[in-house]
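**Student:** Build me a model:
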Amino acid sequence: HKSKSAPSLRSMHQRGTLSSSSSTSSNSMTTIKKGSKSEQQSYAKIAAIVAILIIAAVGFYATTGGDYYHAPKVAQVRSSSKVVDTTDDDVSMVEGKAAPAAGEGRLITFELGALKDGATGTVTIQTHPAWAPIGVAQFHELVDSGFFDGCRFFRVLPNFMVQFGISGDPDVQKKWRGKVLKDDPVLSSNKRGTLTFATSGPNSRTSQMFINTNTKGNKFLDGQGFAPIGEVISGMEYVDLINDEYKEKPGQGKIQNQGNKYLEAEFPRLSHIVSSKSS
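**Tutor:** From the prediction side, this is the model:
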């Protein structure tokens, strides 16, 4: 998420001086002095505004650790739907491997812990390269590296989605923050149970993901560029048991910088992925 520019302070001052050219020499000097003082006051105001903006920017960076990323925009459904996923300045765009042929997806199993009422459960996801080959390849690589083991569900909005994908180890997260993907076209809808990457706009996917939980689906996300890469084929009842008491309270910039140490201290009952495997 033009009008003509206003005349500069210098051009306004010049016109003011010229308009008094028929006056006496003394009056002209008075006009020039007044114009200079006004000009200096304007510059002082501009300098103050710039200083405030710089201070605000420094404070924001210190809080989030970098750029501001958003997840699905759902203002028309409920408020506050943004996510922080800081990205280094030296990121490189991952073009994506050659698109796998349709049917070369995998079954990914997540063992979930700390669900509501102390429950645990197994969730199985079928990936679909035909839907989003670049995203699927990245997800497979994340799973193969063990990235998701220990990841918390840090943002859980009932009957909308559950979000995860910030490593509990800041060093691991830093590595993946630089692997930014080009977009896949949206070829499948964000139905209940589908798995999709969070984004910060075009060509910005890294490691954060969400599972759609809306019983009616989140079709409106399709038009925002969110391309599902797979779907839950068993264990959706356990996804529904992911703890939602903290909603969006975890500070995602702090997760980036401090990992699970921060989450365990401030949000000890977050549901999480105990382990993951591919078959």
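**Student:** Isn't I242 up against I273?
**Tutor:** No. I242 is not in contact with I273 according to Cβ atoms under 8 Å; the separation is 10.2 Å. The C-beta positions use only the backbone N, C-alpha and C, and glycine is treated the same way.
**Student:** Of those two, which one has the most company?
**Tutor:** Neighbour totals were compared for I242 and I273, and I242 leads with 23 against 20 (other Cβ atoms under 10 Å).
**Student:** Specify the local secondary structure of I233.
**Tutor:** Judged by DSSP: H, G, I helix; E, B strand; the rest coil, the three-state class of I233 is strand.
**Student:** Please read the previous query as pertaining to V156.
**Tutor:** strand.
**Student:** Tell me who's in contact with the nearest residue to it once chain neighbours are set aside.
**Tutor:** With Cβ to Cβ, 6 or more residues apart in numbering as the criterion, V156 has its nearest non-adjacent residue at 4.2 Å, and that residue is D244. Residues in contact with D244 (Cβ atoms under 8 Å, 6 or more residues apart in numbering) are 156-158.
**Student:** the bottom helix or strand of this protein by mean pLDDT?
**Tutor:** helix 9-19 (a mean of 33; mean pLDDT, DSSP states H and E).
**Student:** Going along the chain, name the strands of the chain.
**Tutor:** 92-94, 107-113, 121-127, 155-157, 161-164, 179-181, 194-197, 209-212, 228-234, 272-278 (DSSP state E).
**Student:** quick one: which of those is nearest D149?
**Tutor:** strand 272-278 (5.3 Å; Cβ to Cβ).
**Student:** Please identify every residue contacting each of I242 and I273.
**Tutor:** Counting by Cβ under 8 Å, 6+ apart, the contacts common to I242 and I273 are L112.
**Student:** so where's the protein shaky on pLDDT?
**Tutor:** 1-40, 42, 53-103 (pLDDT under 70).
**Student:** need the helices for it, in chain order.
**Tutor:** Secondary structure of the chain (DSSP state H): helices at 9-19, 25-64, 133-144, 170-177, 236-239, 252-258, 260-266.
**Student:** Kindly spell out which helices and strands sit in contact with the fifth one.
**Tutor:** I take that to be helix 236-239. Secondary-structure packing of helix 236-239 (3 or more Cβ pairs under 8 Å, 6 or more residues apart in numbering; DSSP states H and E): strand 121-127.
**Student:** May I have the strand it packs on as PDB, with CA atoms only?
**Tutor:** Taking C-alpha atoms only, strand 121-127 is exported to PDB below (Å, rounded to 0.1, in the frame of the first residue of the first chain):
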ATOM      1  CA  GLY A 121      -0.600 -34.600  17.000                       C
ATOM      2  CA  THR A 122       0.700 -35.500  13.500                       C
ATOM      3  CA  VAL A 123       0.000 -33.300  10.500                       C
ATOM      4  CA  THR A 124       0.700 -34.600   7.000                       C
ATOM      5  CA  ILE A 125       1.100 -32.100   4.100                       C
ATOM      6  CA  GLN A 126       1.100 -33.000   0.400                       C
ATOM      7  CA  THR A 127       3.100 -30.600  -1.700                       C
END
